[in-house]
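**Student:** this one's structure only:
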C-alpha cells in the first residue's frame, strides 16, 4: 500500500485511542469540579456554609491539577506513538482506570477534612496516596511497554526516550508512597501539602521543554 | 468525483459514528468508576466502611473490563468498515444502548452483594446475565448486517471475516445465558466468577492477533 | 490560498461544531440510560421492585430512540454543510439545548406513571409534548436558516433540499402539539403511544434513502 | 521534514487541546441542563411544583447562554492558533476550570431564589459574579499569552488581534465585578438581569463578524 494510505491507517489507529482518552479525562476532570454542590445550610447561612467547605475546594483544585498533568503527559507521549498494539491499548486503559479513581479519593479527603476525625483523615490520605501510587504505576507499565516496543514509536524518537520516562514514573510511585506513609504515621496535613506540590512540580518541570520545541525540532 | 474527495466522504461518514460511540463508551466506563462513593460510615469508621464495599470494587472492575473489551472490539470492527448505511447506524446504536445498561446491572449486583440477601443476589446476577445476552446479541445483529453488506466494508477484508465474528458473538450469547442460568439456579457466586472471566477471556484471546499485525499486513 | 488549505479550513470549521454536538448528544443519550437505578426495595424484593419500574424502561427506550433519530438527522444535515456562520452556530446550539431537555421530560413521565396520579400524568405528557414541539421547532429554525444561506452548503446539494426538510420539521411540530393535546384532554396513554411511534416513524422513513445512497450518488 | 508533515503535527497539536476542550464544554453545558429535575411535589401537584421552579429555568438558560458564548469564543480563538506551548495549555486549562465552576454558581442562585432568603440571594449573586470575574480573568491570561507569543499564531493573524481581545476580556472582568457589587449592595435582581444580558451582548456583538467572513477572507 502507498504512503498516504499508511498515514491514514496510523491516524485511524491512534486517533480513537486518543479521542477515547480525551473523553475519559474530560469527564473525570469536569465531574470532579461539578461535585461542588450548594451547602446544606439553614436559610440565611449559605455564606458560612460555603466558607466551611474550604477543604473541598482545596482537594478539588489539587486533583484538577493532577488530572491536567496526566492529560498533558498523555498528549506528550502520544505525540511519539505511531501504532497501537493490543498490549498498548490495555496499558492505556490502565491509565484511564486509575485516573478515574482520583475523584473517589478526592471525595474521601474532602469528607474526612470537613468532619475532622483524625482516623478518617489518615484513611483518606492513605487511599489517595495508594491511588497516586497505582496511577504512577500504570504509567510505569505504559512507558516500559513503549521502551520495549520501538516499532510502535514515531521515527526520530530517541531510543532511550521512554526508558527515561519510565524512571520519572517510578519517582512518582516512590513520592506518593512516601506521602502516604508520612500522612498515615505523621500528620495527614503533610500528605495534603505533598499531594498539592507533586502535580505542580510535574506540571512545571515536566520534560524541561515546550511541546513547541519538539515540533520545531522535528520540522528542521 | 475524484478519489481524495471520496476518501473525505468516507472519513466524514464513519468518523461521526466512531466519535459518537467513543464518547458514549467513555461516559459509560467513566461514570461506572465514578459511582464509587465515600461510604456512609460513622466518624472514625471510614476504613471499615471502605473495606465492606469490596463487592462493589469487584463488580466495577469486572464491568470496566467488559466495556473496555467492547470498545476494543468496536474499534477493531470499524477498522474494516468503509461506509455507513442507515441500517448499520441502528445496529451501532443498539450496541451503544445495551452497553449503557451495564452500569445499571453492575449497581444491582453491588447492592445485592453488600446486602447479602440470596433472592436479590439471584435477581441481580440474572439481570446482569440478561444484559450480557442483549449486549452480545446486539453484536450478532451488527456483525450479521456487515456480513450481508460487503459493499460497506474496506477493500481487502476477507469475505468471511464478519461471518466468523458473528459466530464469536453467538458464543457470547450462549455463555452469558449459561452463566445466568447457573447463577440463578445454582449459586450466584458462580455467575460472578464467570462474569469476571468472560471479558478477560475475550480481552486476551480476541482475534488471536494484534491490531498492529493487521495494519502491517495491509501495508505489504 | 490553495484548495487543500481551504479544505482544511472547512474541516476545522464544521469539525468542532460536529464534535461538540456529538459529545452533547452522547452525554444526553447515555445519561438517560444511566438514570436507571436499582429500585428502593426491601431486602428480597428486588425483583418485584424492578418489575414495577416498567414505565421507566418504556419511557427511556422511547427517549433513546428520539435522541438517536435527532443525532442521525444532525449527521445527515451536516453532510451537506460546508461552512459555519455565527447564526448557524446559534441554530445548532438551539437544537442541543432542546435535546438536552428531553431527559427532564422523560423523568417527569416515568415519575407520574409510577405514581399513577392522573393530573400528574397529564402534566407530564404535556411537558414532554411541549419539549417535543420546541425540539422540532429548533430544527425548523436550523433548516430555514440553511435554506436561506445557500453559500454555507456543500456543492451539489439541491437548492430546495432544506426547504423540504423545513416542511418535515413543521410536521413534527404539529404532531407533537397534537399528541400533547390528545394526552392532556383525552388520555395520557394516547400521548405515550404517539411519543413512541413518532421517532420510530422518523427513524424508518427519514429521507427515504440510505446515507450510503447519498454518498454513492455524489461520487458518480 | 516536509510541509505536509508539519501540517499533520500542527493538526495533532491543537487537535487534542480543542477536542479536550469541546468535551469539557459539552459536559458542563449538558449537565447544567440535566440538573433540571422533577419537583418534589405531593401527588397531583406536579404542575404547581414545576411552575415554582421558574428561577431555576431562568438561571439555567442564562448559564447555557454563557457557556455557549465561551465555546464560540474558544473556537474563534483556536481558528487563529497554529501551535500549542505548555504555557498555552495551562492558560487553556484555566479557562476550562473556571467554566466548570459555573454550574455550581448557577445552582447556588437557583437554590437561593427558590428559598427567597435575601442574605442567601446576595451570597449567591456574589459567588456567581466572582466566578464570572475568574472566567473573564482566565481569558485575559489566555489572550495576553497569545499576544506575547506571535510564533504560536496562524499566518495572517493581525499583530494586534489578541491585544484587542485582551481588552475585551478586561471589560468582562469589570462588568461582572460591577454586577456583583450592584447585586450585593443594591438588589440581587439587578445582578441577575446583568448576568442574563452580558452573555447575550457578547453572543450578538462578538467580533462584529461571522466566522464565515474570516474563512473567506483567508481564502482570497
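**Tutor:** Structure received. Just so we're clear, the structure is a prediction, and the values are computed from it rather than from any experiment.

**Student:** residues touching the residue of chain A found nearest chain C, list them.
**Tutor:** Nearest residue of chain A to chain C, counting by CB to the nearest CB: residue A:23, 7.5 Å away. From N, CA and C alone the C-beta is placed, and that goes for glycine too. Counting by CB atoms under 8 Å, 6 or more residues apart in numbering or on different chains, residue A:23 touches B:22-23, B:26-27, B:30, C:23, D:23.

**Student:** Tabulate those residues (JSON lines), appending distance to residue A:196 and pLDDT.
**Tutor:** Output for those, formatted as JSON lines (distance: CB to CB, whole Å; pLDDT from 0 to 100):
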{"residue": "B:22", "distance to residue A:196": "32", "pLDDT": "93"}
{"residue": "B:23", "distance to residue A:196": "31", "pLDDT": "93"}
{"residue": "B:26", "distance to residue A:196": "28", "pLDDT": "93"}
{"residue": "B:27", "distance to residue A:196": "29", "pLDDT": "91"}
{"residue": "B:30", "distance to residue A:196": "24", "pLDDT": "89"}
{"residue": "C:23", "distance to residue A:196": "30", "pLDDT": "93"}
{"residue": "D:23", "distance to residue A:196": "26", "pLDDT": "93"}
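
**Student:** now those in a markdown table, with distance to residue D:159?
**Tutor:** Shown next, in a markdown table, are the contacts of residue A:23 (distance: CB to CB, whole Å):
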| residue | distance to residue D:159 |
| --- | --- |
| B:22 | 39 |
| B:23 | 38 |
| B:26 | 40 |
| B:27 | 42 |
| B:30 | 42 |
| C:23 | 34 |
| D:23 | 32 |
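
**Student:** between these, which is closest to residue C:172?
**Tutor:** Set against residue C:172, the nearest of the contacts of residue A:23 by CB to CB is residue C:23 (24.2 Å).

**Student:** Which helix or which strand is home to the closest one?
**Tutor:** Per DSSP states H and E: residue C:23 is located in helix C:3-34.

**Student:** which helices and strands does the helix or strand just after that helix pack with?
**Tutor:** The element immediately downstream of helix C:3-34 (helix or strand, assigned by DSSP H and E) is helix C:46-52. Helix C:46-52 is packed against helix B:102-115, helix B:118-148, with contacts defined by 3 or more CB pairs under 8 Å, 6 or more residues apart in numbering or on different chains; DSSP states H and E.

**Student:** possible to save those as CSV with distance to residue C:114?
**Tutor:** Formatted as CSV, the helices and strands packed on helix C:46-52 follow (distance: least, CB to CB, whole Å):
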stretch, distance to residue C:114
helix B:102-115, 17
helix B:118-148, 19
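
**Student:** so which of those gets nearest residue C:185?
**Tutor:** Between residue C:185 and the helices and strands packed on helix C:46-52, the shortest gap by CB to CB is with helix B:102-115, which sits at 35.5 Å.

**Student:** by how many degrees do that closest one and helix B:118-148 diverge?
**Tutor:** Between helix B:102-115 and helix B:118-148, the angle comes out at 160 degrees (axes from the mean of the first three to the mean of the last three CA atoms, to 10 degrees).

**Student:** which stretch of helix or strand covers the residue nearest to the spatial centre of chain A?
**Tutor:** Nearest residue to the geometric centre of chain A (CA atoms, centre = their mean): residue A:70, 3.2 Å. Assigned by DSSP H and E, residue A:70 belongs to helix A:54-78.

**Student:** For residue A:52, give me its contacts.
**Tutor:** By CB under 8 Å, 6+ apart, the contact list for residue A:52 reads A:39, A:114.

**Student:** From residue C:27, how far out is it?
**Tutor:** Distance check for residue A:52 against residue C:27: by CB to CB, to the nearest Å, it reads 32 Å.

**Student:** Residue A:78 now?
**Tutor:** Distance from residue A:78 to residue C:27, by CB to CB: 24 Å.

**Student:** More neighbours: these two, which one.
**Tutor:** A direct count of neighbours by other CB atoms under 10 Å in any protein chain shown for residue A:78 and residue C:27 places residue C:27 higher, at 26 against 19.

**Student:** Enumerate every residue touching the nearest residue to that one once chain neighbours are set aside.
**Tutor:** Closest residue to residue C:27 apart from its sequence neighbours, by CB to CB, 6 or more residues apart in numbering or on different chains: residue D:30 at 4.3 Å. Residue D:30 sits next to C:23-24, C:27-28, C:31, C:96, C:100 when contact means CB under 8 Å, 6+ apart.

**Student:** most surrounded residue in those?
**Tutor:** Per-residue neighbour counts (other CB under 10 Å) across these peak at residue C:23, which has 30 neighbours.

**Student:** Skipping adjacent residues, who's closest to it in space?
**Tutor:** The spatially closest residue to residue C:23, leaving aside those adjacent along the chain, is residue D:26, at 3.4 Å (CB to CB, 6+ apart).

**Student:** what do you get for residue A:129?
**Tutor:** With sequence-adjacent residues excluded and distances taken as CB to CB, 6+ apart, residue A:129 is closest to residue A:180, at 2.5 Å.

**Student:** How much space separates the one you found from chain D?
**Tutor:** 26 Å (CB to the nearest CB, to the nearest Å).

**Student:** Please, which helix or strand holds that residue?
**Tutor:** helix A:161-185.

**Student:** what's near enough to touch the residue nearest to residue A:66 when sequence neighbours are not counted?
**Tutor:** With sequence-adjacent residues excluded and distances taken as CB to CB, 6+ apart, residue A:66 is closest to residue A:199, at 4.1 Å. The contact partners of residue A:199, taken as CB under 8 Å, 6+ apart, are A:62, A:65-66, A:68-69.

**Student:** For the one helix or strand residue A:199 maps to, buried residues please.
**Tutor:** Per DSSP H and E, residue A:199 falls inside helix A:188-205. Across helix A:188-205, burial judged by 16 or more other CB atoms under 10 Å in any protein chain shown covers A:188, A:190-192, A:194-196, A:198-199, A:202-203.

**Student:** same question, stretch A:107-126
**Tutor:** Residues of stretch A:107-126 classed as buried by neighbour count (16+ other CB under 10 Å): A:107-113, A:117, A:120-126.

**Student:** Mind picking the two most distant members of those residues?
**Tutor:** Using CB to CB, the buried residues of stretch A:107-126 span at most 16.3 Å, a distance reached by A:107 and A:122.
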